[in-house]
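> pasting the sequence and the predicted model now:
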Amino acid sequence: MDTKILYVSKDLTGKDDIKNLTLASEIVRNGGLVAFPTETVYGLGANALDDDAVKRIFEVKGRPQDNPLISHLASADDIAKYAHTAENDYFAKLAPLFPAPLTVVLRKLPLISNVVTAGLPNAGFRVPENLVARKFIELAGVPIAAPSANISGRPSPTKAEHVIEDLFGKVDVIIDGGPCNVGVESTIVTLATDPPVLLRPGAVTLETLSSLLGQVQISRAILSEMNNDEIASAPGMKYKHYAPVNPVTLIMGSDDKVIPYINKRCETENLAILCYDEDAGSITECRNIFTIGKADDPLGQARSIFDALRATDECSFITGVLARCPESKDGVNLAVYNRLLKASGFNVIKL
Ligand code: TXA
Ligand code: MG
């Protein structure tokens, strides 16, 4: 298939931005697949009201059939057209946060089909902050069902180049709107249970949700491994995720333990290292070092984590990846730790 790549500037000030977005929105409304930037990761969009188009998302990504999709809307007011919001007090408390890197799960109305929700009675909704994403959805005039625009299991795409690597020739359009600001997928909270449950951590933190909603539970799948036959509240959480080609091991501990440990391993093994900016100078025994931001900057780490995981695929002859992971689970650290845990298949060495 011929894939068009369309460039659109982040602030929509480019000469051809609206023309390009109008073309992409017509293609998606008429059943095509369009990859588009959001503030979290790139999404692979289809018209959520067109079952055949939505089915193609599953085929192109190689996505398990039981893993539901999030519907993306241009305005929080639109959520009421597709889900029971009026009687949900929790929704009223979170609605003012939109647009945001946040997905709310609500009891769906019939307009959202079982193909989108993989047969679940509830559906996920998100209003992206990214201007390009919102203009694209607004011009399409329909909700856009979109998972991350990667082949299932690979690290999520945070640059148009990542989408091109995975999906060129398989989709109608890739909108290149530059790198994603947040870099990890949206926070998902279900408001269809009482109390609400955090299903996936992201840039909208558990602390923020708790302050607005009162009690919020944390899904077990965020910090521990699920069996494939276990019923996950967010089905996507049980699958192997974000994995580069080489096996990832997480290293947790203080500088005085982690740095010597990494150097020692690298004396005898050819490894790639993911570490904090401050660590790079002290890791003397390794040639494949990828920094993921400052130790005390989880937002910076979130922004670069998937790009760094993907970059390790380019290293020749390595046998594995050692990745430094946060000890704190506060704020955005929880999202960074969760993605690294999944990339490693829950393989953590605590020093
Ligand atoms: O930031 C994001 O959310 C990105 C961008 C493109 O918006 N999208 C994204 O989609 O991460 P995806 O499909 O890669 O991850 C969606 C997650 C899956 O784990 C899925 O199981 C969960 O959301 N999910 C979707 N609908 C759900 C529902 N009705 N109930 C529970 N979990 C749901
Ligand atoms: Mg995904």
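Here it is on my side, so go on. As the structure is a computational prediction, the values presented were derived from the model and not from experiment. Ligands and ions are numbered 1, 2, ... in the order given.
> ok, the spatially most central residue of the chain - contacts?
The C-alpha lying nearest the average C-alpha coordinate of the chain belongs to Glu185 (CA atoms, centre = their mean; 2.5 Å). Applying CB atoms under 8 Å, 6 or more residues apart in numbering to Glu185 gives the contacts Thr40, Val41, Pro101, Ser148, Ser156, Arg200, Gly202. Any C-beta I mention is one placed from the backbone N, CA and C, and that applies to glycine too.
> least confident of these?
By pLDDT, Ser156 ranks lowest within the contacts of Glu185, coming in at 94.
> ok, residues contacting the helix or strand hosting Asp256?
Per DSSP states H and E: Asp256 is located in helix 255-268. By CB under 8 Å, 6+ apart, the list of residues contacting helix 255-268 from outside reads 251-253, 271, 273, 275, 279, 282-286, 322, 324, 349, 351.
> can you tell me which of those residues end up in strands?
Taking DSSP state E as the definition of strands, the contacts of helix 255-268 contribute Ile251, Met252, Leu271, Ile273, Cys275, Leu322, Arg324, Ile349.
> relative to Val336, which of those residues is nearest.
For those, the residue nearest Val336 by CB to CB is Arg324; the value is 10.5 Å.
> for Leu49, see how far away the closest residue to ligand 1 within the stretch 51-200 of the chain is.
Nearest residue of the stretch 51-200 of the chain to ligand 1, counting by CB to the nearest ligand atom: Pro147, 2.9 Å away. Counting by CB to CB, to the nearest Å, the separation of Pro147 from Leu49 is 17 Å.
> out of the two, which sits in the more crowded spot?
Pro147 (23 against 18; other CB atoms under 10 Å).
> for the more buried one, what are its contacts?
For Pro147, counting by CB under 8 Å, 6+ apart, the contacting residues are Gly43, Leu44, Ile57, Lys61, Arg63, Asn67, Leu69, Ile70.
> chain neighbours aside, what residue packs nearest to the fifth one?
Closest residue in space to Arg63, ignoring its immediate chain neighbours: Ser152 at 4.8 Å, by CB to CB, 6 or more residues apart in numbering.
> can you say which helix or strand has the one you found in it?
With DSSP H and E as the test, Ser152 turns up in no helix or strand.
> test my guess that it contacts Ile57.
No: assessed by CB atoms under 8 Å, Ser152 is found out of contact with Ile57, at 10.5 Å.
> coming back round to it: and the contacts of helix 255-268, which two are the farthest apart?
The most distant members of the contacts of helix 255-268, if one measures by CB to CB, are Met252 and Thr284, lying 21.3 Å apart.
> the more surrounded of those two?
Neighbour count, other CB under 10 Å: between Met252 and Thr284, Met252 has more, with 17 against 10.
> quick one: the more buried one and Lys350 touch, right?
Yes: contact status for Met252 versus Lys350: in contact at 4.9 Å, counting by CB under 8 Å.
> what do Ser152 and Ile57 both touch?
Shared contacts of Ser152 and Ile57, defined by CB under 8 Å, 6+ apart, comprise Arg63.
> of these two, which one has the most company?
Between Ser152 and Ile57, counted using other CB under 10 Å, the more crowded position is Ile57 (22 against 18).
> dump the residue contacts of that one.
Leu33, Leu44, Ala46, Arg63, Leu69, Ala145, Ala146, Pro147.
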